[in-house]
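Student: Let me see the structure of the following:
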Amino acid sequence: MRIQTKIMGELDVDERQIIDFPDGLIGFRKFTSYALLDAPQKPYFFLQSMELAELGFILLDPFLFRPDYSIDVADEAMVALGVAGPEDALVLALVTVPPDGGVVTANLMGPVIIGRKARRGAQVILGDPRWKTKHDVMAELAASRK
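Tutor: Numbering: from 1, shown residues only. A predicted model of the protein is given here:
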């Protein structure tokens with residue numbers, strides 16, 4: 001299937017890349033179908049709306065820069081995503097890249113969780129006070145390598 005994206009132009013998308021978000025994402029509830037794509041710049045991913053070409057999000061594996069990252073999500077929520085165990089879940093953080101070249105931040109308080117087999121996703125809000133909406137990716141990556 002071919003889709004139009006704002007950032008990467010027109011792309012071929014395999015149906016296995018399409019993720020259903022029954023409740024949408026926070027602030028974008030009416031958009032429920034997305035393609036999970038490798039971004040041109042590794043290790044980022046791009047979550048592209050299948051319904052609106054102008055709507056896309058940059059994502060990053062939070063464990064790359066915060067090895068101590070952990071999530072506590074209700075079992076019912078994980079079952080709804082088709083997640084039977086940790087290996088079935090893909091956990092990603094939404095990333096903000098300021099246009100002025102400022103600090104790249106990741107939202108660890110509101111991760112995106114995707115059930116790999118069911119291809120269903122949700123954005124959840126974590127109650128752990130360690131996780132904020134703006135973590136400096138580069139600073140925390142440097143700190144994790146010390």
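Student: Would you mind listing the outside residues contacting the helix ranked longest in the chain?
Tutor: When every helix of the chain is counted residue by residue (DSSP state H), the longest turns out to be helix 137-144. Contacting residues not belonging to helix 137-144 are listed as 60, 64-67, 95, 103-106 [Cβ atoms under 8 Å, 6 or more residues apart in numbering]. C-betas here are computed from N, CA, C, even on glycine.
Student: Pull the most distant pair out of those.
Tutor: Of all pairs drawn from the contacts of helix 137-144, the greatest distance, 20.5 Å, lies between P67 and V103 (Cβ to Cβ).
Student: These two: who's more crowded?
Tutor: V103 (13 against 10; other Cβ atoms under 10 Å).
Student: List the contacts of V95.
Tutor: Residues touching V95, when contacts are defined by Cβ under 8 Å, 6+ apart, comprise 44, 57-60, 104-107, 137.
Student: pLDDT at it, what is it?
Tutor: Here, the pLDDT recorded for V95 equals 97.
Student: For my notes, confirm it occurs in a strand.
Tutor: Yes: using DSSP: H, G, I helix; E, B strand; the rest coil, the secondary structure at V95 is a strand.
Student: With adjacent residues omitted, what lies nearest to it?
Tutor: Nearest residue to V95, sequence neighbours excluded (Cβ to Cβ, 6 or more residues apart in numbering): I58, at 4.3 Å.
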